[in-house]
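Q: Got a predicted model here, sequence first, then my questions.
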Amino acid sequence: MLIKSIKLTNFRNHKSYELNCKPTTTLILGENGCGKTSVLEAIYILTQGKSFRATDPDIIKRDTDYYLIELEYDTGEKIVASYDKKAKIFKVEDKKTRRLSNKHKYPIILFLPSDLNLVSGAPSRHRDYFDRFFSVLSPEYQTALNKYNKALLQRNKLLKDEYLNEAAVFPWNVMLSKNGVILNNLRQKFIEEINQTMTSTYRSIAENDDEVEVKYSTETPNLTENEYLNLLEKNYEKDRILTHTSFGVHRDDFEFIFNKKPADGSASRGETRSIILALKFIEAKIIAEKLNKKPIILLDDVFSELDNKRRKCLINNFKNHQVIITSVEKFTNSRSNH
Ligand SMILES: Nc1ncnc2c1ncn2[C@@H]1O[C@H](COP(=O)(O)OP(=O)(O)O)[C@@H](O)[C@H]1O
Ligand SMILES: [Mg+2]
């Protein structure tokens with residue numbers, strides 16, 4: 001499926017904006033602050049169900065009462081989302097829902113400038129990145145992650161209560177172990193899949209024979225639900241003192257390994273950029289294969305961060321996808337040159 005058009009009303013700085021998208025590459029050009037990333041954000045909401053950078057109260061145009069965004073696919077399917085400070089509503093084929101159903105989501109590969117710093121980023125950034133990727137890949141992952149995060153929030157809230165009785169955390173312990181084990185297993189599986197082509201994809205970009213892999217580190221490898229639950233219970237007293245949950249998959253990390261050493265500190269700036277490009281290419285490939293849908297590529301201002309060789313690589317790799325690019329400057333390596 002391809003995006004035909006996107007319309008924004010009272011969305012961020014846009015009072016009224018419309019973009020007709022080409023089946024190949026669409027370029028959104030403009031000065032910093034003119035609202036380019038916001039257009040990608042609207043596309044993201046209408047394809048994924050929520051923003052990648054904020055919640056609705058931040059998004060609604062200041063001093064207005066509602067926002068409305070509308071997306072039309074080339075198939076004629078229309079998805080509308082609105083928010084009026086009370087409720088967010090999605091409308092698909094005249095049916096209204098609070099959430100965008102999986103059936104009406106469409107895979108997106110989002111490439112933000114901040115992704116280029118992922119290699120040296122904190123574990124929480126790595127987790128956010130792979131959580132987003134794996135949630136697109138697998139509804140089971142997404143559901144487990146939502147449930148896990150909900151349970152974690154509730155358990156941490158209780159741990160701050162002075163008069164807490166241990167029995168009150170039990171249901172949350174159960175929910176954490178059940179979904180923690182699911183996340184653990186899927187993370188392991190998906191990382192193995194990524195690593196199958198990580199080095200070869202990297203080499204196709206960098207044209208050398210370096211080795212790259214993503215290392216999944218977890219304190220909870222291969223645990224059963226019961227083992228996970230026991231460990232949570234064993235940690236109860238410690239968690240009471242810390243007033244948060246100190247054990248579980250919310251502390252996992254995904255590290256980049258370059259020639260057997262942590263890439264953070266050993267790979268150069270250019271090499272880390274190639275690593276991220278390779279990751280994006282693999283992301284698109286795995287998503288296309290698993291979901292049998294060609295993901296739409298959103299490139300937010302990344303061209304200014306890349307040299308010519310890597311720009312070319314990016315364009316070439318995604319030449320069979322619909323690509324929407326934002327940029328401050330016009331660049332010369334457009335697809336028409338290939
Ligand atoms: N809720 C809002 N209401 C009005 N303006 C906003 C709101 N949120 C952000 N902005 C402004 O919208 C502009 C567009 O942001 P953004 O889409 O990130 O621009 P760009 O990607 O072109 O640099 C920024 O100047 C920002 O200050
Ligand atoms: Mg921007």
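A: Structure received. Numbers count the residues shown, from 1 in each chain. Ligands and ions are numbered 1, 2, ... in the order given.

Q: quick one, what contacts residue 293?
A: Under the criterion of Cβ atoms under 8 Å, 6 or more residues apart in numbering, the neighbours of residue 293 are 1, 106, 107, 287. Backbone N, C-alpha and C define where each C-beta goes, glycine included.

Q: Drop the exposed ones from these and show what's left.
A: In terms of neighbour count (16 or more other Cβ atoms under 10 Å), the buried residues within those are 106, 107, 287.

Q: Regarding the protein, what is its longest helix?
A: If you go by DSSP state H, the chain has its longest helix at helix 170-206.

Q: In that one, which residues are buried?
A: Across helix 170-206, burial judged by 16+ other Cβ under 10 Å covers 172-173, 175-184, 186-187, 190-191, 194-195, 198, 201-203, 205-206.

Q: Please, which helix or strand holds residue 320?
A: Per DSSP states H and E, residue 320 falls between elements, in no helix or strand.

Q: cool, and residue 274?
A: Judged by DSSP H and E, residue 274 forms part of helix 269-291.

Q: Only the buried residues of that helix, if you could.
A: Neighbour-count burial for helix 269-291, with 16+ other Cβ under 10 Å as criterion, is recorded at 271-288.

Q: before we move on, back to that, go through the contacts of residue 293 and name the one nearest ligand 1.
A: Of all those, residue 106 has the smallest distance to ligand 1: 21.3 Å, by Cβ to the nearest ligand atom.

Q: what angle do the longest helix of the chain and helix 269-291 make?
A: Here helix 170-206 points in a direction 120 degrees away from that of helix 269-291 (axes from the mean of the first three to the mean of the last three Cα atoms, to 10 degrees).

Q: Which elements pack onto helix 170-206?
A: Taking 3 or more Cβ pairs under 8 Å, 6 or more residues apart in numbering; DSSP states H and E as the contact definition, the neighbouring helices and strands of helix 170-206 are helix 123-137, helix 139-159, strand 212-217, helix 225-234, helix 269-291.

Q: Kindly reformat these as TSV containing mean pLDDT and distance to ligand 1.
A: Supplementary listing: the helices and strands packed on helix 170-206 in TSV, determined by pLDDT from 0 to 100; distance: least, Cβ to the nearest ligand atom, whole Å:
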stretch	mean pLDDT	distance to ligand 1
helix 123-137	94	19
helix 139-159	97	25
strand 212-217	97	29
helix 225-234	97	40
helix 269-291	95	19
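
Q: can you put these in TSV and add distance to residue 26?
A: Formatted as TSV, the entries for these read as follows, by distance: least, Cβ to Cβ, whole Å:
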stretch	distance to residue 26
helix 123-137	21
helix 139-159	28
strand 212-217	31
helix 225-234	46
helix 269-291	17
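
Q: give me every residue that touches the closest residue to ligand 1 within the stretch 51-200 of the chain.
A: In the stretch 51-200 of the chain, no residue comes nearer to ligand 1 than residue 62, which is 3.9 Å away by Cβ to the nearest ligand atom. Under the criterion of Cβ under 8 Å, 6+ apart, residue 62 has no contact partners.

Q: Could you confirm it falls within a strand?
A: No. Applying DSSP: H, G, I helix; E, B strand; the rest coil, one finds residue 62 to be coil, outside a strand.

Q: Distance of it relative to residue 12?
A: As judged by Cβ to Cβ, to the nearest Å, residue 62 and residue 12 stand 9 Å apart.

Q: Residue 177 and residue 228 touch, don't they?
A: Yes. In terms of Cβ atoms under 8 Å, residue 177 counts as a neighbour of residue 228; the distance is 3.8 Å.

Q: what packs against the strand ranked longest in the chain?
A: Longest strand of the chain, by residue count under DSSP state E: strand 3-11. Strand 3-11 is packed against strand 14-20, helix 36-48, strand 67-73, with contacts defined by 3+ Cβ pairs under 8 Å, 6+ apart.

Q: Now do the contacts for the residue lying farthest from the centre of the chain.
A: For the chain, the largest distance from the centre (Cα atoms, centre = their mean) belongs to residue 163, which lies 38.3 Å off. Shown in contact with residue 163 (Cβ under 8 Å, 6+ apart): no residues.
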